[in-house]
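J.: The following block contains a protein sequence and its predicted model.
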Amino acid sequence: MRRHLRAEWTKSRTVPSTVPLLLGVVALTVAGGAMASAATTAPACAASGCTFDLTKLSLTGVLLGQAVVVVLAVLAMSGEYGTGMVRTTFTAMPRRSAVLAAKAAVLTGLTLVAAVIGVLASVLAARLILPGNGFTPAHGYPALSLADGPTLRAAAGSVLCLVLVALLGLGVAAAVRDPATAIGVVLGLLYLFPLLIFVISDQAWQRLLWQVSPLNAGLAVQSTTDAGLPLGPGAGLVVLAAWAALALLAGGLRVRLRDA
C-alpha cells in the first residue's frame, strides 16, 4: 500500500491543476463567508425581530468551496482515464482497489489541509468583520471563538463535510470516468435536492428530500441554534457519509470489473 500511496502523491503534486484548485477551495470558502458576514448587519435584524446563527453565517463559503472540491476529486480519478495513463497505472499496480484506496487517502489529506485553512480563516474573518456590523457582546452576540463548543463542532463538521464531498466526487468519477459527466452528476446530487424542496409544495416530501439531500444533511452540522432542522448535526453527517460510501463502492466495483 505504501507504494500505491507514494505513486498517487507523486501524481497529485505534479499535476498542474492541483495547487490552483486547492487554493481555490480556500479562497472561495473564505470569500463566501467574509462576504456573507460583511453583508449582514445587526440593526436590520433587530428591527425585524430576527436572530442570526453567526457561526453558520461565517461558514457560508463552504457552499462555494465544495464546488471546487468536486472538480479536484473528479480530476484525481477521471484525469487518468482521459489521458490513458490509467492503463500504465493498472499495469504497474494491478491491485485496482488499492489504487482507488490510495487515491482516496491522498485526496482526503489534500482536501483536509485546504478545508482546515479555509474554515479557520472564515471564522477569523467573521470574528473581525461582524463586530463592525453591530454584532457585539453588548447586543447579545459574543465574539466567535473555537473555544465555544458549538462553534468548534460546526467548524470541524464543515471540514469533514468538504472531505466527504471529495470522496463522493472520487467515487462518482471512478464509476462514470468522463470528467464532465462526473462533475455534473456530483453537482446535481449536491444542488438538485435543495432546488426540488422549493419546487415541491408537499411538506412530507419536502422533509424527506431534505433528509436525503447530501448538501442539506451535511451542512446541518453548521447550525448552532435550534433551527428545527429535520436532521441533527451527527445524523446529517451520517447521511453525507453514506452517499460518499455508496459512490466509492460503485466506483470500486466499476474499476475492478471493467477494463481501463
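T.: Nice, I can see it.

J.: Just give the closest residue to Ile129, not the sequence neighbours.
T.: Ser37 (4.4 Å; C-beta to C-beta, 6 or more residues apart in numbering). Where you see a C-beta, it was placed from the backbone N, CA and C, and this is true even at glycine.

J.: which residues touch that neighbour?
T.: For Ser37, the contact set (C-beta atoms under 8 Å, 6 or more residues apart in numbering) comprises Leu57, Ser58, Ala125, Ala126, Ile129, Leu130, Asn133.

J.: Against Val30, how distant is it?
T.: 11 Å (C-beta to C-beta, to the nearest Å).

J.: Common neighbours of the two, please.
T.: By C-beta under 8 Å, 6+ apart, the residues touching both Ser37 and Val30 are Ala125.

J.: host element of Gly252?
T.: helix 233-257 (DSSP states H and E).

J.: buried ones in that helix?
T.: For helix 233-257, a neighbour-count test (16 or more other C-beta atoms under 10 Å) marks 233, 236-237, 239-241, 243-244, 247-248, 251-252, 254-255 as buried.

J.: how about the closest residue to Val116 other than its chain neighbours, phi and psi?
T.: Once flanking residues are discounted, Val116 sits nearest to Val159: 5.6 Å by C-beta to C-beta, 6+ apart. Main-chain torsions, Val159, degrees, to the nearest 10: phi -60, psi -50.

J.: and Val159, how many neighbours does it have?
T.: By the measure other C-beta atoms under 10 Å, the count of residues near Val159 is 22.

J.: just use 50 as the starting number from now, easier for me
T.: Okay, using 50 as the starting number, the last item reads as Val208.

J.: Surely it touches Ser171?
T.: No - if you go by C-beta atoms under 8 Å, Val208 and Ser171 don't touch, sitting 10.8 Å apart.

J.: Tell me the buried residues in stretch 85-93?
T.: Neighbour-count burial for stretch 85-93 [16+ other C-beta under 10 Å]: Ala85, Ser86, Thr89, Ala91.

J.: Can you give me the first-to-last residue distance of stretch 221-232?
T.: Taking C-alpha to C-alpha, to the nearest Å as the measure, stretch 221-232 stretches 8 Å from start to finish.

J.: Could you pull out the buried residues of it?
T.: Within stretch 221-232, the residues that qualify as buried are Val221, Ala222, Ala223, Ala224, Val225, Arg226, Pro228, Ala231, Ile232, counting by 16+ other C-beta under 10 Å.

J.: Measure how far that stretch is from the centre of its chain, please.
T.: Computed by C-alpha atoms, centre = their mean, to the nearest Å, the chain-centroid distance of stretch 221-232 equals 17 Å.

J.: so how far is Gly198 from Thr104?
T.: Note on Thr104: its distance to Gly198, by C-beta to C-beta, is 11 Å.

J.: If you count surrounding residues, which of those two has more?
T.: Thr104 (24 against 9).

J.: Need the pLDDT of that one.
T.: As predicted, Thr104 sits at a pLDDT of 93.

J.: Test my guess that it contacts Thr273.
T.: Yes - the criterion here is C-beta under 8 Å, and Thr104 meets it with Thr273 at 4.6 Å.

J.: So in this structure, where's the weakest helix or strand by average pLDDT?
T.: helix 91-97 (a mean of 56; mean pLDDT, DSSP states H and E).

J.: The helix or strand hosting Leu121 - what's its average pLDDT?
T.: Using DSSP H and E, Leu121 falls within helix 111-132. Taken as a whole, helix 111-132 has an average pLDDT of 87.

J.: How about stretch 248-259?
T.: What stretch 248-259 shows for mean pLDDT is 82.

J.: got the CA coordinates for that stretch in PDB?
T.: These are the backbone C-alpha positions of stretch 248-259, laid out as PDB (Å, rounded to 0.1, in the frame of the first residue of the first chain):
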ATOM      1  CA  VAL A 248     -40.500  23.400  -6.100                       C
ATOM      2  CA  ILE A 249     -42.500  20.700  -4.300                       C
ATOM      3  CA  SER A 250     -45.200  22.000  -2.000                       C
ATOM      4  CA  ASP A 251     -46.000  18.800  -0.100                       C
ATOM      5  CA  GLN A 252     -44.400  19.200   3.300                       C
ATOM      6  CA  ALA A 253     -43.800  15.500   3.800                       C
ATOM      7  CA  TRP A 254     -41.900  15.300   0.500                       C
ATOM      8  CA  GLN A 255     -40.000  18.400   1.400                       C
ATOM      9  CA  ARG A 256     -38.900  16.900   4.700                       C
ATOM     10  CA  LEU A 257     -37.900  13.600   3.000                       C
ATOM     11  CA  LEU A 258     -35.900  15.400   0.300                       C
ATOM     12  CA  TRP A 259     -34.200  17.500   2.900                       C
END
